[in-house]
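Engineer: what would the 3D arrangement of this be:
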Amino acid sequence: MSGPSAPTAQEHNLAQVARLLEIGEHEGNPGLKLHYDEFFAADYEWRPAVSGFGSEVYRGKEGFIQWLADLAAVSTVSVGGEAAVDA
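Structural biologist: Below is the predicted model:
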């Protein structure tokens with residue numbers, strides 16, 4: 001009988017997203033900024049699915065912080081449950 005298998009990439013990714021949302025819910029945007037390096041590479045870049053505000057491409061931690069600010073400027077949508085107003 002073999003022991004538990006290592007998590008698949010999908011399971012790992014789902015656990016990471018769950019952890020990121022948990023941080024957002026319990027620690028808000030300051031927590032998301034604080035834990036950024038646990039989830040993203042220094043040169044990470046993305047194009048949000050919802051565009052039309054701010055930069056079309058966000059890069060690195062500074063880009064992430066800018067995205068939070070851009071999001072807060074146009075919406076009360078949050079990452080993980082807290083209104084994105086303290087970016």
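Engineer: what about the protein, any weak spots by pLDDT?
Structural biologist: Filtered on pLDDT under 70, the chain yields the residue ranges 1-4, 50-55, 76-87.
Engineer: for it, what spans make up the strands?
Structural biologist: Secondary structure of the chain (DSSP state E): strands at 45-46, 58-59.
Engineer: of those, give the one that comes closest to Ile65.
Structural biologist: Ranking those by their distance to Ile65 (criterion: C-beta to C-beta) puts strand 58-59 first, at 9.1 Å. C-beta: built from backbone N, CA, C; applies to glycine.
Engineer: quickly run through the sheet partners of that closest one, with directions.
Structural biologist: Sheet pairing for strand 58-59, assigned by DSSP bridges, gives strand 45-46 (antiparallel).
Engineer: excluding sequence neighbours, find me the nearest residue to Glu27.
Structural biologist: On the basis of C-beta to C-beta, 6 or more residues apart in numbering, the spatially nearest residue to Glu27 that is not a chain neighbour turns out to be Leu34, at 7.2 Å.
Engineer: if I look at that neighbour, how far off is Ala69?
Structural biologist: Here Leu34 is placed at a distance of 16 Å from Ala69 (C-beta to C-beta, to the nearest Å).
Engineer: and these two? Which one has more around it.
Structural biologist: Summary of the neighbour comparison: Leu34 and Ala69, criterion other C-beta atoms under 10 Å, with Ala69 having more neighbours (15 against 11).
Engineer: quick one: Glu27 from Asp70, how far?
Structural biologist: Using C-beta to C-beta, Glu27 is found at 20 Å from Asp70.
Engineer: more neighbours: which of those two?
Structural biologist: Relative neighbour count places Asp70 above the other of Glu27 and Asp70, with 20 against 15, counting by other C-beta under 10 Å.
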